[in-house]
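1. This is a predicted model, with the sequence first.
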Amino acid sequence: MKFVDELVISASGGRGGNGCMSFRREKFLPNGGPDGGNGGRGGDVILRAAANIQTLADFERRRRFAAGGGDHGQGNARNGKSGQTLVLPVPCGTVVYDAENGEGLADLVEEGDTFVAAMGGRGGRGNRVFASSLRRAPRFSERGEMGEERALRLELRLIADIGLIGLPNSGKSSILAAISNAAPKIADYPFTTLSPNLGVLSTDVDSVVLADIPGLIEGASEDRGLGLSFLRHVERTRMLLHVLDLSSEGADPDSIMREFQTVRGEMERYDPELGTRPCVAVGNKTDLCFDAAGLERELTARFGEFGMEFVSVSALTGDNIPSLADRVVAFSREHPRPRGNVRLFADCVTLSAPDAPKRRARRQVQIVSLPDGSFRVLHPQMERAAERYDLSQPENVARFTKLLRKYRVEELLHAAGAVAGSPVSIGHAGFDFYPDKNDGQRS
Ligand SMILES: Nc1nc2c(ncn2[C@@H]2O[C@H](COP(=O)(O)OP(=O)(O)OP(=O)(O)O)[C@@H](O)[C@H]2O)c(=O)[nH]1
Ligand SMILES: [Mg+2]
């Protein structure tokens, strides 16, 4: 399957169902009480990390996702059903950003990690709820809220313990195949690997995940070859295996060290932190070497000067592969993956925690005067109210007016220069400003 590791999707939560205005009507009960039910909550769009997915390719075909709307409330006190939640599986290691401002929102690392991409709207309340001893026959109900709408940028950063890096054709994929369960494509030309491969090396007790990425060449930081972007998939590893071809023509310790420095330089240009990551140099293709033992001795000494270990293997014959595998497993055991704090952003939520609307904070009303002489009232609560209150019902107009008074919108509009007849908008609702009557009147 095609490997895709970055894209933008849009998610919209379902609309809440409308509350119902209705009164009980029965044969011998002509003036029954209010019995309009509540609208159902709109469904959420949810991203959930799944271990069996390796790429974001599924999102290439479809990028817009909408959860189901809530059903409307009905008479006879019947509440509407909640809208269907839409769960979108993503690979482990998916980082979620707000596509508009670039803010990091969530990092879905472990299987089952969940993020609410777009919350469904609340259902409107039916008139039954508004009945009280003073108001026996409320003739109004609320409309459902719109669901949240968001554009999200998804970026995959694979989660692996060990990363394989090196020049093209050095044998990274061959080593991955030799020590793990992976069966990547292997061929004797550069850039055989075009997208990362993951492999699992299992032991009796634990398992180690290795990531093999496309080869790096000199100038990768100027986008030569396949560039450096695949390095993001080894950023989260805890150790690197730097694979070196010991058999290339004229290979001697000097040229091998130069090759090592080239790849390392490119990598550090991408992220200097990768240069400090524990790293084992792996000389490959010993079967083709004339004096493998001599080369090994010399390179062990040279890498030793850097404080690095050197291991030589042949991925083809399997020579010394078991000891490389042991080395990898031992490292992984000594440096277990930190749980919990590996996430880039902490606020992943799980579905089991009820996601109470978090948008309750009271904010100040802001009035914006527009060039066409109209005014816009900015205030989350009032905008939502304008959406909820079905203003074709006169009692709702009265309730809304009360809210305008509470927030002293009339005074604020005055101060902003509104005069009688100035058009005013709040959310989707439009009014003309008539300060002397009530606070505003629906146009
Ligand atoms: N003789 C010999 N050939 C090897 C050995 N390891 C790999 N090869 C060969 O070297 C070639 C390149 O191997 P790959 O594993 O595809 O190399 P790679 O580093 O993944 O290459 P890219 O994906 O292009 O970066 C293939 O033809 C392999 O069969 C080895 O130990 N001995
Ligand atoms: Mg390869």
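-> In hand now; what should we look at? Ligands and ions are numbered 1, 2, ... in the order given.
2. Identify the residues contacting the spatially closest residue to residue 17 that is not a sequence neighbour.
-> Nearest residue to residue 17, sequence neighbours excluded (C-beta to C-beta, 6 or more residues apart in numbering): residue 39, at 2.9 Å. Heads up, the C-betas are built off the backbone N, CA and C, glycines and all. Contact analysis of residue 39 by C-beta atoms under 8 Å, 6 or more residues apart in numbering lists 16-20, 70-73, 79-80, 123-126, 142-144.
3. Let me know the secondary structure of residue 39.
-> The assignment at residue 39 comes out as coil when based on DSSP: H, G, I helix; E, B strand; the rest coil.
4. I'd like to know how far it sits from ligand 2.
-> Separation of residue 39 from ligand 2 (C-beta to the ion, to the nearest Å): 55 Å.
5. likewise residue 142?
-> Distance from residue 142 to ligand 2, counting by C-beta to the ion: 59 Å.
6. Give me the longest helix you can find in this structure.
-> As assigned by DSSP state H, the longest helix anywhere in the chain is helix 253-270.
7. got a pLDDT number for residue 355?
-> On the pLDDT scale, residue 355 is placed at 38.
8. The one 3 residues further on too?
-> Looking at residue 358, its pLDDT stands at 40.
9. Please apply the same query to residue 387.
-> If you check residue 387, the pLDDT there is 83.
10. Using the three-state scheme, assign it.
-> Once three-state DSSP is applied, residue 387 turns out helix.
11. That one - how many residues pack around it?
-> If you count neighbours by other C-beta atoms under 10 Å, residue 387 ends up with 21.
12. Same question for residue 92.
-> Residue 92 has 21 neighbouring residues, counting by other C-beta under 10 Å.
13. With residue 254 instead?
-> A count of nearby residues for residue 254, using other C-beta under 10 Å, gives 11.
14. for residue 151, same thing?
-> Counted by other C-beta under 10 Å, the residues lying close to residue 151 total 15.
15. what residues are up against it?
-> Residue 151 neighbours (C-beta under 8 Å, 6+ apart): 8, 9, 10, 98, 99, 100.
16. does residue 184 really touch residue 213, like I thought?
-> No. Assessed by C-beta atoms under 8 Å, residue 184 is found out of contact with residue 213, at 10.8 Å.
17. Which residue of the two possesses the greater neighbour count?
-> Neighbour count, other C-beta under 10 Å: between residue 184 and residue 213, residue 213 has more, with 25 against 18.
18. in the stretch 1-150 of the chain, what residue is nearest ligand 2?
-> residue 3 (13.1 Å; C-beta to the ion).
19. Return the backbone torsion pair for that residue.
-> With angles defined as degrees, to the nearest 10, residue 3 sits at phi -100, psi 120.
20. ok so, going back, which pair in the contacts of residue 151 has the greatest spatial separation?
-> Distances among the contacts of residue 151 were taken as C-beta to C-beta; the most separated pair is 9 and 100, at 13.0 Å.
21. So between those two, which is more surrounded?
-> With neighbours defined as other C-beta under 10 Å, residue 9 and residue 100 compare such that residue 9 has more, 22 against 11.
22. How about that one: what's its closest non-neighbour residue?
-> Excluding its sequence neighbours, the residue lying closest to residue 9 (C-beta to C-beta, 6+ apart) is residue 63, at 4.8 Å.
23. can you tell me the distance between the two ends of stretch 26-38?
-> Start-to-end span of stretch 26-38 (C-alpha to C-alpha, to the nearest Å) is 21 Å.
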